[in-house]
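Asks: got a sequence here, can you model it:
(4 chains)
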Protein chains: 2
Amino acid sequence: MNKPIVKQTRKMIHGPIAQAQILDAVDELFYMEGARAVSVDAVAKYAGVNKMCIYRQFESKDELLLRYLERRNHFFWENFEATMASYEGDPRQQLLQFFNNMAARTRWPGYRGCALANIVNEFPDREHPVRQLVTTSRQKLLGRLQEIAEQAGANDPQGLANGLALLLDGAFISTQTYPANHPILESLVPVVTTMVDAACLPNRQHVVSDVLAKNNK
Amino acid sequence: MNKPIVKQTRKMIHGPIAQAQILDAVDELFYMEGARAVSVDAVAKYAGVNKMCIYRQFESKDELLLRYLERRNHFFWENFEATMASYEGDPRQQLLQFFNNMAARTRWPGYRGCALANIVNEFPDREHPVRQLVTTSRQKLLGRLQEIAEQAGANDPQGLANGLALLLDGAFISTQTYPANHPILESLVPVVTTMVDAACLPNRQHVVSDVLAKNNK
DNA sequence: GTTATATGTTACTGGTTAGTAACATTGTGC
DNA sequence: GCACAATGTTACTAACCAGTAACATATAAC
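Replies: Take a look at the predicted model:
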């Protein structure tokens, strides 16, 4: 009457490590398949943990969703400010480089656009907590773009910031409405360049009178 | 021993009429809440028909979804071509008016952006039939915009068409990422105007030399 | 070692979903 | 009036889902 020889196959994963694995899994799954489409069981399986493990580390699926968005948002701003820092003092190049990075990112395999923008479609209720996170982030973006537009000498900084923000959201969603790596995205940086230069250059009258003045010297 | 006096409360709805009611319900519900979030039972209730009635008129929920998108797409193109027709011969105004109409639409109460763009987020699988419908429609849009850009005398019609298409998708999604009736949408038409005029005007050198020539007369 | 605590595991609840079977009722053509 | 087809109604299946209870096992502190 032998006892079972081993039951040592069980591995215990400590809380903090489990949390990291779960958040990694959520980051991948929610982004690629959408938050509503992914079950908690699927998250557990992908993370290599038990479902109960998830509910001991997090309150609910909604908390997972918020943590996911916070992380994605944090990553976005880290990149944004890093780009700004690397062209400190050159606001035009700051804007161009930011959009250049974005354009490059759209070519990543498996790119699915902006996590925050995508989630908005899954939760139409404007009072849902995820919506506030998205709105706050976008408002901040608008503010930062406007600051830089001012530094770049834009005639209408707010107008330029709005235009750039519209283009950015357009780029995000266009990666999904058009086939993967569609040439439309190649127009992003050129269009931004035109927009920025048109907004910052002295207007046509001004240019013409400059030329005339020079010509009359 | 009386028989029940009446059982006449039952109303029969004929197939074609039921179809119309169902498609109306789907149009409203799928658009406002998302296709995945709306159950067939909810559609039946909203349409005022029995669930079996739906399954006798349509194969599956997927068919409902496709019919919904086809209808929305048809409506879009009807409006688009009507706008083009009303400014026949004035390509610049055709473009501006189209975006003006779009901007006006974003201010409708309950506006939730482009039905086709929204559905893309709910069905990440690029092989799903809904994706092909969206891609086809967007490709057609790009083609039409390019034609009109050519007629407007754009230096780079494809570039302009791409830029406008990016802005359009941006406008759609920005109505959701920003609060309702956010002023960012007020920049849509000005930005489009700048973009079109910048793309169609002779370039700066050209303008300057024109002025110089005129000045030397 | 012993004990307290954290984790693993299973099975469950109560709810929802897409889709169907079976039968009752109504309308229609004749 | 009669028969047949279309529709109304109910109840169901099988699958899925978020979240939990209860108990088994492992780890860590002492």
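
Asks: low-confidence ranges in chain A?
Replies: Scanning chain A for pLDDT under 70 picks out the ranges A:1-10, A:15, A:202-217.

Asks: one more time with 90, if that's ok
Replies: Within chain A, the ranges that satisfy pLDDT under 90 run A:1-18, A:199-217.

Asks: per the record, what domains does it have?
Replies: A:12-58, A:65-216 (automatic domain parsing).

Asks: and the longest one with DNA strand C, contact?
Replies: Read that as domain A:65-216. No - between domain A:65-216 and DNA strand C, judged by CB under 7 Å from any atom of the strand, nothing touches; the nearest distance is 14.5 Å. C-betas here are computed from N, CA, C, even on glycine.

Asks: rewinding a little: closest one to DNA strand D among the domains of chain A?
Replies: Closest approach to DNA strand D among those is made by domain A:12-58 (3.2 Å; CB to the nearest atom of the strand).

Asks: hmm, the closest one in reach of chain B?
Replies: Yes - judged by CB under 8 Å from any CB of the partner chain, domain A:12-58 comes into contact with chain B at A:32, A:33, A:34, A:36, A:37.

Asks: swap in stretch A:153-162?
Replies: Yes - residues of stretch A:153-162 contacting chain B under CB under 8 Å from any CB: A:158, A:159, A:162.

Asks: among the residues of domain A:12-58 next to chain B, which ones are buried?
Replies: For the residues of domain A:12-58 next to chain B, a burial check counting by 16 or more other CB atoms under 10 Å in any protein chain shown picks out A:34, A:36.

Asks: which of the residues of domain A:12-58 next to chain B fall in helices?
Replies: Applying DSSP state H to the residues of domain A:12-58 next to chain B, the entries found in helices are A:32, A:33.

Asks: which one among the residues of domain A:12-58 next to chain B gets closest to DNA strand C?
Replies: Sorting the residues of domain A:12-58 next to chain B by distance to DNA strand C puts residue A:36 at the head of the list, at 11.1 Å, by CB to the nearest atom of the strand.

Asks: quick one, what contacts the closest one?
Replies: By CB atoms under 8 Å, 6 or more residues apart in numbering or on different chains, the contact set of residue A:36 is A:122, B:36, B:37.

Asks: related to what we said a few turns ago, dump the domains of chain A to TSV, plus distance to residue B:145.
Replies: Putting these into TSV (distance: least, CB to CB, whole Å) gives the following:
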stretch	distance to residue B:145
domain A:12-58	30
domain A:65-216	11
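
Asks: in the top helix by length along chain A, what's buried?
Replies: Using DSSP H, we find that the single longest helix of chain A is helix A:61-86. By neighbour count, with 16+ other CB under 10 Å as the criterion, the buried positions of helix A:61-86 are A:61, A:64-69, A:72-73, A:76, A:80, A:83-84.

Asks: surely residue A:26 is in contact with residue A:66?
Replies: No - contact criterion CB atoms under 8 Å: residue A:26 and residue A:66 do not qualify, at 10.5 Å.

Asks: rewinding a little: which of the residues of stretch A:153-162 next to chain B sits closest to chain B?
Replies: residue A:162 (3.5 Å; CB to the nearest CB).

Asks: so where do the strands sit in chain A?
Replies: With DSSP state E as the criterion, chain A has no strands.

Asks: show the contacting residues for the single nearest residue of it relative to chain B.
Replies: Among all residues of chain A, residue A:170 sits closest to chain B, at 2.8 Å; criterion: CB to the nearest CB. Going by CB under 8 Å, 6+ apart, residue A:170 touches B:165, B:166, B:167, B:168, B:169, B:170, B:171, B:173.

Asks: gap between the first one and residue A:182?
Replies: When you say that, I think you mean residue B:165. Taking CB to CB, to the nearest Å as the measure, residue B:165 falls 10 Å from residue A:182.

Asks: so which bits of stretch A:108-127 are buried?
Replies: Neighbour-count burial for stretch A:108-127, counted by 16+ other CB under 10 Å, picks out A:112-124.

Asks: go on, stretch A:160-167?
Replies: Buried residues in stretch A:160-167, counted by 16+ other CB under 10 Å: A:160, A:161, A:162, A:163, A:164, A:165, A:166, A:167.

Asks: what about that stretch, distance to the chain center?
Replies: Its chain's C-alpha centre and that of stretch A:160-167 lie 15 Å apart, by CA atoms, centre = their mean, to the nearest Å.

Asks: what of stretch A:184-204?
Replies: Centre-to-centre, stretch A:184-204 and its host chain are 22 Å apart (CA atoms, centre = their mean).

Asks: so what touches that stretch?
Replies: By CB under 8 Å, 6+ apart, stretch A:184-204 touches A:92, A:95-96, A:99-100, A:102-103, A:106-107, A:149, A:152-156, A:159-160, A:163-164, A:167, A:171, A:174-175, A:178, A:207, A:210, B:142, B:158-159, B:162-163, B:165-166, B:191, B:194-195, B:198-199, B:204, B:207.

Asks: could you do stretch A:61-79 as well?
Replies: Against stretch A:61-79 from outside (CB under 8 Å, 6+ apart): A:22-23, A:26-27, A:30-31, A:35, A:40, A:43, A:54, A:58, A:101, A:115-116, A:119, A:129-130, A:133-134, A:137, A:140.

Asks: dump the buried residues of stretch A:160-167 into CSV; add distance to DNA strand D as well.
Replies: Converted to CSV, the buried residues of stretch A:160-167 look like this (distance: CB to the nearest atom of the strand, whole Å):
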residue, distance to DNA strand D
A:160, 42
A:161, 38
A:162, 37
A:163, 39
A:164, 36
A:165, 32
A:166, 34
A:167, 34
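
Asks: could you redo the residues you listed as TSV and give each row distance to residue A:49?
Replies: Output for these, formatted as TSV (distance: CB to CB, whole Å):
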residue	distance to residue A:49
A:160	47
A:161	43
A:162	44
A:163	45
A:164	42
A:165	39
A:166	41
A:167	41
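
Asks: next step: those restricted to helices.
Replies: A:160, A:161, A:162, A:163, A:164, A:165, A:166, A:167.

Asks: how about the last one, what does it touch?
Replies: The neighbours of residue A:167, taking CB under 8 Å, 6+ apart as the test, are A:99, A:188, A:191, A:192, A:195, B:163, B:166, B:167, B:170.

Asks: in TSV, list those along with distance to residue B:49.
Replies: Formatted as TSV, the contacts of residue A:167 follow (distance: CB to CB, whole Å):
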residue	distance to residue B:49
A:99	50
A:188	46
A:191	48
A:192	50
A:195	50
B:163	45
B:166	41
B:167	41
B:170	39
